[in-house]
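K.L.:
with the input below, show me the fold.
(2 chains)
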Amino acid sequence: MNKTYDNRAWFLVLPVFLVVAFSAIIPLITVVNYSVQDIFGPGERYFVGLEWFREVLRDTRLHEALWRQFLFSGLVLLIEIPLGVAIALMMPRKSGWAASLALVLLALPLLIPWNVIGTIWIIFTRPDIGLLGYAINTAGIPFDHTAAPLDAWITVMLMEVWHWTPLVALLAYAGLRAIPEAYYQAARIDGASDWAVFRYIQLPKMRGVLTIAVLLRFMDSFLIYAEPFVLTGGGPGNSTTFLSIHLVKIAVGQFDLGPAAAFSIIYFLIVLLFSWVFYQVLQRVGTGDRR
Amino acid sequence: MARIEFKQLAHTYRADPRGLEDYALKPMNQVWRDGGAYALLGPSGCGKTTLLNIISGLVRPTAGRVYFDGVDVTDLPTAQRNIAQVFQFPVIYDTMTVYDNLAFPLRNRRVPEPEVKRTVERVAEMLELGADLHRRARGLSADAKQKISLGRGLVRSDVAAILFDEPLTVIDPHLKWTLRRKLKQIHQSLKLTLIYVTHDQTEALTFADEVVVMHEGRVLQSGTPQELFEAPAHKFVGHFVGSPGMNFLPCVLEADGARVDGVRVALAPDVVEKGRRVGGRFEIGVRPEALRLETEPRNGAPRVRIEALEELGHYRIAAVRLGVHRLKVKVPGEQEPPRDAAYLCFTPALTRLYADGVLVG
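P.N.:
Take a look at the predicted model:
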């Protein structure tokens, strides 16, 4: 086939390029700019090279926040992905009022503003007036997320799972609905068990949507800020200080723009790297491609 | 392998059927011989797939019973019926190799692994999939995938019948022929009962020993391809089978034939006799292949005007006007194409009489 080459076609992508430039590239370059300078005031700035990066990488508080963050995102993926898939499998396969009702109920947590979610869970888990907190304490188990780090973690995890598992469930459900009926019929004819149907039909056919779910949940949970900030403020102590909360403390609390910028770049690169790894792994697992 | 029998079978998808028109399958009795190759032919929505799904147990009939070799299987679930089915779009297990795909039905039935290996290799060889056995099924072409679907049926030693639901829809035309021949070979060597759903008459006529024509939930005729062609039991069959379909002309009965718009058409005396007994609205049905155009008038052949001539390679189809009626006539390639007008000759042995759309003789 003969292809026509015309470099004027590049003009057609110019609008997209401009939008991306203003929304991503220019802010990113600004951050890079901050990360290599020590700024005392307007007109009073010194080039410091990689000094801020060195400082940030030596910061033990940041190390702690980083491991905390990995633990949190790991737990989020381990709980939300299987749970979301399980919920999707339990939903009615055919459309009807039952399916519609389930979809609306699932979508509810996704419609609530994030800081409101934090507020809801503060009240819900309060030992004195909160429904959950009061019930647990009345049952004889002391529970207070403002005092005990473990309780704080449990509360944050519960909130996160409640908030975002529906997204995974909705994505998985969309993937399930896209499987043609003939696959299930063929499986029945082949004498496949329910487990085999899940393992060899449903799971492979959900690969695409689950890849999206894993990426979204990893990125979002790795960048989580508003809900734990409202709920625990990063405490008690530093026990729920995740990376974003730590970053904001440096940038806004201490106004250390240089280290904050260096840290932002590292943060961005970590998210990028892990998203890429997840994507590559999920694209290949079970397909036999070894490229 | 089994003989499949329907007794008073009917099916509706509606919860509150008000009448027969709400039934996707009207009550029917039908027998599928053990080892027969059947084609189920009919337009989309005529109930072919419903019928197939009732045999495989994916759909439970509203009324009537299904028997395999005299055993009532109506209440048996699909997995216990020993039916294999090949669907319109290839169904394969993406993450498995071809070998694992073929082994899947056996492993689900806990067949010992050495036997699985033997069977899979035998079937793969028969389907010419041997070279691809250890490749992922996902990357194969549509026809290879469809062979795998078929293979998953063939590996089972207990299979009662193999059902095909328009299996060649997504196959390239030049491969259709090869695949169809493969099916025929397999049928001859394994003597399986095959039921093949299609709306493509060429496919039906070349594949099957017996073609079952369905329309609006009824079986209109089942017979050999030749029977369907020469003596369609119903007007619909005449239209649907053959390209172009049968010509139908309203007529009145006379002493020794029929009169169409003032033109006398000869019919066998017993047919006229039978027609008179049956009564109703009469039509004669005649295939384009059973008509001839002559340049000289002979035996009172009527003169017809030729309105169009369609070139189809080695033959032509002429559209001719006889009085107010329009007919299609097949003109063999070696015959000099008639111009403007010609004389139309009927073949009495192949001219059929229909009363209210049903074959008289």
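K.L.:
remind me, longest helix of chain A?
P.N.:
Using DSSP state H to define each element, chain A has its longest helix at helix A:60-90.
K.L.:
could I get the average pLDDT for that one?
P.N.:
In this model, helix A:60-90 has a mean pLDDT of 91.
K.L.:
export the helix or strand following that helix as PDB, just CAs?
P.N.:
Later in the chain than helix A:60-90, the nearest helix or strand by DSSP states H and E is helix A:97-107. Listed next in PDB are the C-alpha coordinates belonging to helix A:97-107 (Å, rounded to 0.1, in the frame of the first residue of the first chain):
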ATOM      1  CA  TRP A  97     -34.100  -3.900  38.100                       C
ATOM      2  CA  ALA A  98     -31.900  -6.000  40.400                       C
ATOM      3  CA  ALA A  99     -28.800  -5.200  38.300                       C
ATOM      4  CA  SER A 100     -29.700  -1.500  38.200                       C
ATOM      5  CA  LEU A 101     -30.200  -1.400  41.900                       C
ATOM      6  CA  ALA A 102     -26.900  -3.100  42.600                       C
ATOM      7  CA  LEU A 103     -25.200  -0.600  40.200                       C
ATOM      8  CA  VAL A 104     -26.700   2.400  42.000                       C
ATOM      9  CA  LEU A 105     -25.800   1.100  45.400                       C
ATOM     10  CA  LEU A 106     -22.200   0.400  44.300                       C
ATOM     11  CA  ALA A 107     -21.800   3.800  42.700                       C
END
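K.L.:
can you spell out which helices and strands pack onto helix A:97-107?
P.N.:
helix A:149-177 (3 or more Cβ pairs under 8 Å, 6 or more residues apart in numbering or on different chains; DSSP states H and E). For glycine as for every other residue, the C-beta is placed from the backbone atoms N, C-alpha and C.
K.L.:
count of neighbours near residue B:94?
P.N.:
18 (other Cβ atoms under 10 Å in any protein chain shown).
K.L.:
so which residues make contact with stretch A:160-180?
P.N.:
Identification of contacts with stretch A:160-180 by Cβ atoms under 8 Å, 6 or more residues apart in numbering or on different chains yields A:72, A:76, A:79-81, A:83-85, A:87-89, A:91, A:93, A:103, A:106-110, A:112, A:117, A:201-202, A:205-206, A:208-210, A:212-213, A:216-217, A:220-221, A:224, A:227, B:89, B:91.
K.L.:
out of the residues you listed, which are buried?
P.N.:
A:72, A:76, A:79-81, A:83-85, A:87-89, A:91, A:103, A:106, A:109, A:117, A:201-202, A:205-206, A:209-210, A:212-213, A:217, A:221, A:224, A:227, B:89, B:91 (16 or more other Cβ atoms under 10 Å in any protein chain shown).
K.L.:
near chain A, which residues of the stretch 51-200 of chain B?
P.N.:
B:53, B:56, B:58, B:77-79, B:83-85, B:87-89, B:91, B:93-97, B:104-105, B:108-109, B:136, B:138, B:149, B:152-153 (Cβ under 8 Å from any Cβ of the partner chain).
K.L.:
select only the buried ones of those in PyMOL?
P.N.:
Restricted to buried positions by 16+ other Cβ under 10 Å, the PyMOL selection for these reads:
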select buried, chain B and resi 53+56+58+78+79+83+84+85+87+88+89+91+93+94+95+96+97+104+105+136+138+149+152+153
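K.L.:
strands - which of the residues of the stretch 51-200 of chain B next to chain A land there?
P.N.:
Using DSSP state E, the subset of these located in strands is B:83-85.
K.L.:
hang on, residue B:37 packs against residue B:191?
P.N.:
No - using Cβ atoms under 8 Å, residue B:37 is not in contact with residue B:191; the gap is 9.8 Å.
K.L.:
which one's more surrounded, the two?
P.N.:
Per other Cβ under 10 Å, whichever of residue B:37 and residue B:191 has more neighbours is residue B:37, with 21 against 13.
K.L.:
hey, what's the more buried one bridged with?
P.N.:
residue B:194 (DSSP bridges).
K.L.:
same check on residue B:258?
P.N.:
Going by DSSP bridges, residue B:258 forms beta bridges with residue B:253, residue B:265.
K.L.:
surely it touches residue B:251?
P.N.:
Yes - at 4.0 Å, residue B:258 and residue B:251 qualify as touching, with contact defined as Cβ under 8 Å.
K.L.:
which residues are common contacts for those two?
P.N.:
B:265, B:282, B:284, B:353.
K.L.:
got those residues as a markdown table, with pLDDT and neighbour count columns?
P.N.:
Shown next, in a markdown table, are the shared contacts of residue B:258 and residue B:251 (pLDDT from 0 to 100; neighbours: other Cβ atoms under 10 Å in any protein chain shown):
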| residue | pLDDT | neighbour count |
| --- | --- | --- |
| B:265 | 84 | 20 |
| B:282 | 90 | 21 |
| B:284 | 89 | 24 |
| B:353 | 89 | 23 |
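K.L.:
any weak-confidence spans in the chain?
P.N.:
In the absence of a named chain, chain A is used. Applying pLDDT under 70 to chain A picks out residues A:1-2, A:286-291.
K.L.:
actually chain B
P.N.:
Short version for chain B, where the test is pLDDT under 70: B:1.
K.L.:
what is residue B:9 paired to in the beta sheet?
P.N.:
Where residue B:9 sits in a bridge, its partners, by DSSP bridges, are residue B:28.
K.L.:
can you give me the distance of it to residue B:23?
P.N.:
11 Å (Cβ to Cβ, to the nearest Å).
K.L.:
same thing with residue B:218?
P.N.:
10 Å.
K.L.:
ok, now residue A:93?
P.N.:
Taking Cβ to Cβ, one finds residue A:93 at 26 Å from residue B:23.
K.L.:
residue B:36 against residue B:193, yeah?
P.N.:
Yes - using Cβ under 8 Å, residue B:36 is in contact with residue B:193, at 5.9 Å.
K.L.:
more neighbours, those two?
P.N.:
residue B:193 (24 against 19).
K.L.:
how about the more buried one: what's its closest non-neighbour residue?
P.N.:
residue B:161 (4.0 Å; Cβ to Cβ, 6 or more residues apart in numbering or on different chains).
K.L.:
the residue nearest the centre of chain A: which element?
P.N.:
Closest residue to the average C-alpha location of chain A: residue A:220 at 2.2 Å, with Cα atoms, centre = their mean. For residue A:220, the element it lies in under DSSP H and E is helix A:207-222.
K.L.:
is that helix anywhere near chain B?
P.N.:
No - judged by Cβ under 8 Å from any Cβ, helix A:207-222 stays clear of chain B, getting no closer than 8.7 Å.
K.L.:
mind listing what's buried along the helix or strand that that helix is followed by?
P.N.:
For helix A:207-222, the following helix or strand on the C-terminal side (DSSP H and E) is helix A:226-231. Using 16+ other Cβ under 10 Å as the test for burial, helix A:226-231 gives A:227-231.
K.L.:
just checking, what packs against helix A:226-231?
P.N.:
By 3+ Cβ pairs under 8 Å, 6+ apart, helix A:226-231 packs against helix A:114-125, helix A:149-177, helix A:243-248.
K.L.:
could you rerun that using 6 Å?
P.N.:
helix A:114-125 (3 or more Cβ pairs under 6 Å, 6 or more residues apart in numbering or on different chains; DSSP states H and E).
K.L.:
can you check what angle separates the helix it packs on from helix A:149-177?
P.N.:
120 degrees (axes from the mean of the first three to the mean of the last three Cα atoms, to 10 degrees).
K.L.:
counting by contacts, list what helix A:114-125 packs against.
P.N.:
Secondary elements touching helix A:114-125 (3+ Cβ pairs under 6 Å, 6+ apart): helix A:131-138, helix A:149-177, helix A:226-231.
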